[in-house]
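[1] Show me how the following folds:
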Amino acid sequence: MAELNTLGSLMTELKARLGFVTQGAASHNNDTIMRSFLQEAHDFVYEELDHPLTKRVAHIKLSKGSKLYDFHDDELDEDINPGDIDKFWIGDGKERYSLRFGINEAVRNSELSEGRPERWDAYAGQLELWPAPDSDKYELVLEYFSGKRRFSRDTDTPSVPARLVFLYALATAKAHYRHPDSQAAARSFDQMLKAERGKRIFKTNYKKKYTTARGWFVERLENGEDRVRYLGDD
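    Residues are numbered from 1 along each chain as shown. Purely as a prediction, here's the structure:
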């Protein structure tokens, strides 16, 4: 089986396994129904695996003097939910450093208008940086968690294991076209789905049980007084 990592490659392989023409003008005659089989498979597997999240990295090229940017993954051409972003980094070609959250009006109106970006905030639906970049050498790197992504263009990648998507679509298509081996394809899918569920349960039960806490915490001292302190980035 060829490497399957995009909707387009999955469609090509599915047509080949069903015995349809995969080259020339006639190769596109079945595109609509093949796409439908794969999209249905993508939705089904995503639900069966309890809405898995995928860690992704987006790179946004910064422009000198521009402080506002869209929450957008240019490579995937998809918007990013700000609440799904885990880390904000700035790279200047030599090093990468993290950005601190929070830009208040005093900072926003300070005399420093351009420089090495140090902070970020959400402003009018966009990502705001302070100060604005003083050159075009910077790149904003966003680490975020992505749920079920768009799966309609040939270049789109699935949010779940591609082979699971393929096997489900293959079983469905073979049953649709009354191929005698449709049950064999369905059994292969069931076995692989069971194995994938097992791997996910193992990761959930045996991964490290700690997280990095951030925010304001109240600590009770020995004398009975409460002390408020902040843990995390300022």
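[2] just the helices in the chain please.
    7-18, 31-48, 105-108, 162-176, 182-206 (DSSP state H).
[3] winner for burial among those helices?
    helix 162-176 (a mean of 22; mean count of other C-beta atoms under 10 Å). Using the backbone N, CA and C atoms, a C-beta is placed for each residue, glycine as well.
[4] Give me the mean pLDDT for that one.
    Averaged across helix 162-176, the pLDDT comes to 96.
[5] right, and the helices of the chain - which one's nearest residue 121?
    helix 105-108 (8.7 Å; C-beta to C-beta).
[6] quick check: mean pLDDT across the closest one?
    For helix 105-108, the mean confidence score works out to 87.
[7] Repeat that for stretch 49-58.
    So the average pLDDT for stretch 49-58 ends up being 84.
[8] and if you look at stretch 91-99?
    Here the average pLDDT along stretch 91-99 is 87.
[9] Quote the end-to-end distance of that stretch.
    The separation between the terminal residues of stretch 91-99, taken as C-alpha to C-alpha, to the nearest Å, is 10 Å.
[10] Low-confidence bits of this protein, can you list those?
    1-3, 22-23, 201-234 (pLDDT under 70).
[11] on that earlier part again, I'd like a version of the helices of the chain in CSV, one that adds distance to residue 80 as further columns.
    Below are these laid out as CSV (distance: least, C-beta to C-beta, whole Å):
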stretch, distance to residue 80
helix 7-18, 21
helix 31-48, 19
helix 105-108, 23
helix 162-176, 22
helix 182-206, 24
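[12] any chance you could read off phi and psi for the closest residue to residue 121 other than its chain neighbours?
    Among residues not flanking residue 121 along the chain, residue 103 sits closest, at 4.0 Å (C-beta to C-beta, 6 or more residues apart in numbering). Residue 103 adopts backbone torsions of phi -130, psi 100, taken as degrees, to the nearest 10.
[13] Would you mind listing the residues in contact with residue 103?
    Residue 103 makes contacts with 119-121, 123, 128, 130, as judged by C-beta atoms under 8 Å, 6 or more residues apart in numbering.
[14] ok, the residues you listed vs residue 45, which is closest?
    Taking C-beta to C-beta as the measure, residue 45 lies nearest residue 120 of those, at 34.8 Å.
[15] Show me the beta-bridge partners of that closest one.
    Note on residue 120: beta-bridge partners residue 101, residue 129, judged by DSSP bridges.
[16] and it, how many neighbours does it have?
    23 (other C-beta atoms under 10 Å).
[17] my read: it touches residue 127, true?
    Yes: using C-beta atoms under 8 Å, residue 120 makes contact with residue 127 at a distance of 6.2 Å.
[18] Max pairwise distance over the contacts of residue 103: which two?
    When C-beta to C-beta is used, the two most widely separated members of the contacts of residue 103 are 119 and 123, lying 11.5 Å apart.
[19] Between the two, tell me which one has more neighbours.
    Neighbours were tallied for residue 119 and for residue 123 using other C-beta under 10 Å; the higher tally belongs to residue 119 (17 against 14).
[20] gap between that one and residue 194?
    47 Å (C-beta to C-beta, to the nearest Å).
[21] which residues does the residue most central in space within the chain contact?
    The structure's the chain has its C-alpha centroid closest to residue 146; by C-alpha atoms, centre = their mean the separation is 2.9 Å. Residues counted as contacts of residue 146 (C-beta under 8 Å, 6+ apart) are 53-56, 80, 84, 159.
[22] just the buried members of those residues?
    Listed as buried from the contacts of residue 146 are 56, 80, 159; burial here means 16 or more other C-beta atoms under 10 Å.
[23] neighbours of residue 97, just the number please.
    Neighbours of residue 97 (other C-beta under 10 Å): 12.
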